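Trainee: one predicted model, sequence on top.
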Amino acid sequence: MSNPAADTTPNTSNISNPGVYSPLKLPVFRVFWFAALGSNIGTWINVVTSGWVMTDLSPSPVMVSLVQAATSLPMVLFALAAGALTDIVDRRRYLLITQIWMALTAAILAVLAATDQIDVWNLLILTFALGVGASMATPALNVTAPELVPRNLLPQAVALSSLSMNLSRSIGPAIGGLLLVQFGAWAAYSVNAISFIGMILMLWYWKHEPAERSLPPERFFQALRAGLRYAHMASPFRAVLIRATAFILFATSVWALLPLIARVELAGGPGTYGLLLAFVGIGAVGGIIILPRLQTHISRDRLVLVASIVYALTAAALATIRSEAVLYGVMAACGAAWVGVLWSLQVAAQISVPAWVRGRALSLYIMVFSAGMALGSLLWGWVAAQTNIPAALLLSATGAVLAALAVRGFSLGTQEAPDLAPSYHWPPHPPEAEELDKRRGPVLVTIEYEIAVEQREAFLEAIQPLGAIRRRDGAFAWGVFEDIAMPGRYVEFFQHDSWLDHLRQHTRVTREDQRVQENVLRFHTGSAAPKVSHFVGGAPTASTDSSMATGP
């Protein structure tokens, strides 16, 4: 195999007025995209096969919905840990392990199906095992794809990643239904196992150069805490999580109950189920093609609201329409609405966090989304068992509309991406503290400002966002105080657990943060820059007992 993935430096010299397909002009992204497409096709073949096999093994709506729950639950349990690993380990080796794990699991399913040994419980266990592999791989794959393109092509890269998933959604189910009818479940599972080979080869030949680190990587649990802290403090990303939860809890009813709609309500076979999913993919592909252009005319907030309502209407149509031909059109609209919501949320999630925490942040998004999928699947399977399938769909459609209206005030941000590149306007460390033991702590940093008396309220209002940034990037305490003997003399302070934690904060400051800090500094009236002092706890070691001034 040639090595087109070896060159990982995006070249955009020939890309002007980028369209949705512009990232495919970059060789490394093109190879990655086609490998992901093959893997995604195999995944959808597996989804159709497992859903249909379960209807053979047990007609209960709860048991059928458990297949979706077994797929989603690992994302809830392991995605956050996977995000932390994504940010601190060699991503190429890590992804190779996950792809090999999923290929072997799919091969075991194929063997069990071929020997007629598959039953309800080993189907659920192996579906769960495939979900474990997917949950460990997804954050790393989501972080890797945007890193293969320049920042101005990020929305197009996200759109193409969604296109890969949804193109596979239209191809995979059709192939899965055909394989089930012509050969049986063993053939479908075998194709899924083979589908991982392309990604394994791509990762094997990919010459990924990890970013150089001036500081040691965070420990695992420390990285988890940092990711959760960032998500809690970053309001645009928090809005993504809230909007995603409100949508998916109700939207998952369609996916959980679709096998039963095909089999019971439409009295169809695996071909019917496969075609319903195929038209979802067709609608999604159409949506992906127009979304990058549509975003220039409509905000993400409005797009998510409208797409959520359209999706709810398709769920209601599934509950009330029994014409198979009409439902194919309904499922195409369902796919377009589904991808409209997911694309908007994913772009907002990608651009709202900086690179150092992106794996953890996206894993939290995946975890929240998957928790909604798992809980929603169980909920709507239970509701269908207690009432009937149409009633469950109508209830979920009503809930989806009400939820979309309830959370519309949580903004996903502006269309223009914030500049979250590192600013490097703080020095790597105060010069006098170059040899300081990085384990010493806690650390106290103070900054002294001189503010005109009539500007004090404006200054205090401007410094509050800076305090949120300090805490978001690792400070466990922050505050600002005025000297009662000298009105207008303010001292800002923040604290870190260790000197190493404070040095990490230096690397995390973005250009967007720099603008917030400059807005605060314009209130300073002193002839010199605000005085910055560093104090460190713990016993000093040789060559570290120094006065540490100069810093942020």
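Mentor: Alright, I've got the coordinates.

Trainee: use CA for all of it now, contacts and neighbours both
Mentor: Will do.

Trainee: now the host helix or strand of I242: average pLDDT?
Mentor: If you go by DSSP states H and E, I242 is part of helix 235-260. Throughout helix 235-260, pLDDT has a mean value of 87.

Trainee: immediately after it, which helix or strand?
Mentor: Counting by DSSP H and E, the next helix or strand C-terminal to helix 235-260 is helix 270-294.

Trainee: could you tell me the angle between that following helix and helix 235-260?
Mentor: Helix 270-294 runs at 160 degrees relative to helix 235-260, counting by axes from the mean of the first three to the mean of the last three CA atoms, to 10 degrees.

Trainee: what packs against helix 270-294?
Mentor: The contact analysis (3 or more CA pairs under 8 Å, 6 or more residues apart in numbering; DSSP states H and E) places helix 270-294 against helix 27-57, helix 154-182, helix 324-351.

Trainee: so how far is that helix off the chain centroid?
Mentor: Taking CA atoms, centre = their mean, to the nearest Å, one finds helix 270-294 lying 21 Å from the centre of the chain it belongs to.

Trainee: so for the helix or strand following it, mean pLDDT?
Mentor: Proceeding N to C from helix 270-294, the next assigned helix or strand is helix 300-320, under DSSP H and E. The pLDDT scores in helix 300-320 average 92.

Trainee: and helix 300-320, what's buried?
Mentor: 300-301, 303-319 (16 or more other CA atoms under 10 Å).

Trainee: show the contacting residues for the residue lying closest to T398 once chain neighbours are set aside.
Mentor: In this structure, T398 finds its nearest non-sequential neighbour in A312, 7.1 Å apart by CA to CA, 6 or more residues apart in numbering. By CA atoms under 8 Å, 6 or more residues apart in numbering, the contact set of A312 is A251, S396, A397, T398, A400, V401.

Trainee: and which of those is nearest to L375?
Mentor: Using CA to CA, A251 is the member of those that lies nearest L375, at 11.3 Å.

Trainee: I figured that closest one hits Y311, correct?
Mentor: Yes: at 7.5 Å, A251 counts as touching Y311 under the criterion of CA atoms under 8 Å.

Trainee: got any residues that touch both of these two?
Mentor: What both A251 and Y311 touch, as defined by CA under 8 Å, 6+ apart, is the set A397.

Trainee: any idea which of the helices and strands packed on helix 270-294 scores lowest on pLDDT?
Mentor: Across these, the lowest-scoring stretch is helix 154-182, with a mean of 74.

Trainee: and that one, what does it pack against?
Mentor: helix 27-57, helix 120-147, helix 185-195, helix 270-294, helix 324-351.

Trainee: nearest to R470, of those helices?
Mentor: That would be helix 324-351 among the helices and strands packed on helix 154-182, by CA to CA, at 19.9 Å.

Trainee: show me where pLDDT drops low in the stretch 1-150 of the chain?
Mentor: The model of the stretch 1-150 of the chain has pLDDT under 70 over residues 1-20, 146.

Trainee: which ones are touching the one residue sitting closest to the centre of the chain?
Mentor: With the centre of the chain defined as its mean C-alpha position, the nearest residue by CA atoms, centre = their mean is L362, 3.0 Å away. Shown in contact with L362 (CA under 8 Å, 6+ apart): G83, P139, N142, V143, A349, Q350.

Trainee: and the pLDDT for the residue of the chain most remote from its centre?
Mentor: Distance from the C-alpha centroid of the chain, by CA atoms, centre = their mean, peaks at A485 (50.4 Å). On pLDDT, A485 comes in at 90.

Trainee: ok, the one 10 residues further on next?
Mentor: At Q495 the predicted local distance difference test score is 92.

Trainee: mind checking the SS state of the closest residue to it other than its chain neighbours?
Mentor: Distance criterion CA to CA, 6+ apart; nearest residue to Q495, sequence neighbours excluded, is L444 at 4.6 Å. With DSSP: H, G, I helix; E, B strand; the rest coil as the basis, the three-state label of L444 is strand.

Trainee: verify the stated contact: L444 with D497.
Mentor: No: taking contacts as CA under 8 Å, L444 lies outside contact range of D497: 9.1 Å.

Trainee: between the helices and strands packed on helix 154-182, which gets nearest to I389?
Mentor: Here helix 27-57 is closest among those (CA to CA), at 14.6 Å.

Trainee: which parts of the following helix or strand past the closest one are buried?
Mentor: For helix 27-57, the following helix or strand on the C-terminal side (DSSP H and E) is helix 61-88. Neighbour counts over helix 61-88 (16+ other CA under 10 Å) mark 61-76, 78-88 as buried.
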